[in-house]
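[1] Pasting the sequence and the predicted model now:
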Amino acid sequence: MVTLYYRPGSCALAPHILLEWIGAPYEAINAPRDASYRAINASGAVPALKLADGQVITQAGAVLQHLAQSAGRGDLLGGPEPANQARVLQWSCFFTGDFHPAFFPLFVPGRYTTDPSVAAQAAVKAAAVELVKGHLATLDAHLSERTTFVGEQLTLVDAYAVPMLRWVGRVIEGASPPGLPWIASTPAWSRIPACRRPWPCTASSPSAPRGRPGCGSA
């Protein structure tokens with residue numbers, strides 16, 4: 001049995017959802033911010049996936065890929081078509097390399113300026129908001145006539161989208177992220193505590209409780 005180390009509000013929600021879709025047994029542990037967890041993942045970040053043989057996989061994209069492959073769930077990887085498999089990788093890289101990092105200056109603006117003033121940190125946050133909005137425009141354009149990211153079935157990318165689209169509703173006032181209503185209809189939604197919070201990505205839902213999301217250790 002695998003063990004998923006997560007923190008509430010983090011991108012570790014994505015592999016948590018995928019584990020439920022796969023239906024394999026697992027244990028989920030809220031990762032402590034101390035040396036005991038750094039012995040598992042030296043960076044202190046989540047997610048981390050401990051395999052039955054003791055090996056540990058980190059980074060959300062890699063964890064998602066491993067879970068789908070080890071379960072023999074080719075559908076979650078894009079199915080048999082090489083082009084769809086490449087598109088799953090494309091969108092996974094988008095969330096890892098573009099969308100996720102765009103939120104960092106919102107979570108910890110002090111890391112992005114040497115000026116400690118309130119005005120300087122507000123400027124960092126304002127620039128980050130515009131960056132996030134630019135990526136949201138990319139998602140809006142892609143999802144405008146689609147119900148899934150790749151092909152006609154759910155893939156790991158749909159799970160990967162969930163935590164970051166939740167962040168939009170928490171950290172950007174008035175933002176309207178693309179809705180993913182098909183995600184909420186899956187069994188994972190009722191079993192994972194984080195999923196039972198209000199889903200901010202539909203016009204009729206209230207925003208989720210505010211907090212500092214993210215995958216870092218800070």
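    Received it, and whenever you're ready, just let me know what you need.
[2] Now the element after the longest helix seen in the chain, going C-ward?
    Longest helix in the chain, counting residues (DSSP state H): helix 118-143. Once the chain leaves helix 118-143, the next helix or strand it forms, by DSSP states H and E, is helix 156-171.
[3] so that next one versus helix 118-143, what angle?
    If you take axes from the mean of the first three to the mean of the last three Cα atoms, to 10 degrees, helix 156-171 sits at 140 degrees to helix 118-143.
[4] which helices and strands sit right next to helix 156-171?
    Applying 3 or more Cβ pairs under 8 Å, 6 or more residues apart in numbering; DSSP states H and E, one finds that helix 156-171 contacts helix 13-22, helix 60-70, helix 82-94, helix 100-107, helix 118-143, helix 181-184. C-beta coordinates here come from the backbone N, C-alpha and C atoms, glycine included.
[5] now these in CSV, with mean pLDDT and distance to residue 47?
    Shown next, in CSV, are those (pLDDT from 0 to 100; distance: least, Cβ to Cβ, whole Å):
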stretch, mean pLDDT, distance to residue 47
helix 13-22, 92, 5
helix 60-70, 98, 5
helix 82-94, 97, 14
helix 100-107, 94, 12
helix 118-143, 92, 21
helix 181-184, 49, 18
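[6] Which stretch among these approaches residue 31 most closely?
    The minimum distance between residue 31 and the helices and strands packed on helix 156-171 falls on helix 13-22, with 12.3 Å, by Cβ to Cβ.
[7] That closest one: how far from the chain's middle?
    Averaging C-alpha positions (Cα atoms, centre = their mean, to the nearest Å) puts helix 13-22 11 Å from its chain's average.
[8] still on that earlier bit, so how far is the longest helix of the chain off the chain centroid?
    The chain centre lies 17 Å from the centre of helix 118-143; the measure is Cα atoms, centre = their mean.
[9] for stretch 48-57, same thing?
    Put simply, stretch 48-57 sits 20 Å off its chain's centre (Cα atoms, centre = their mean).
[10] now stretch 35-49
    When distances are taken as Cα atoms, centre = their mean, stretch 35-49 is centred 17 Å away from the chain's centroid.
[11] and it, what's its mean pLDDT?
    Taken as a whole, stretch 35-49 has a mean pLDDT of 98.
[12] Can you give me the first-to-last residue distance of it?
    Start and end residues of stretch 35-49 are separated by 17 Å (Cα to Cα, to the nearest Å).
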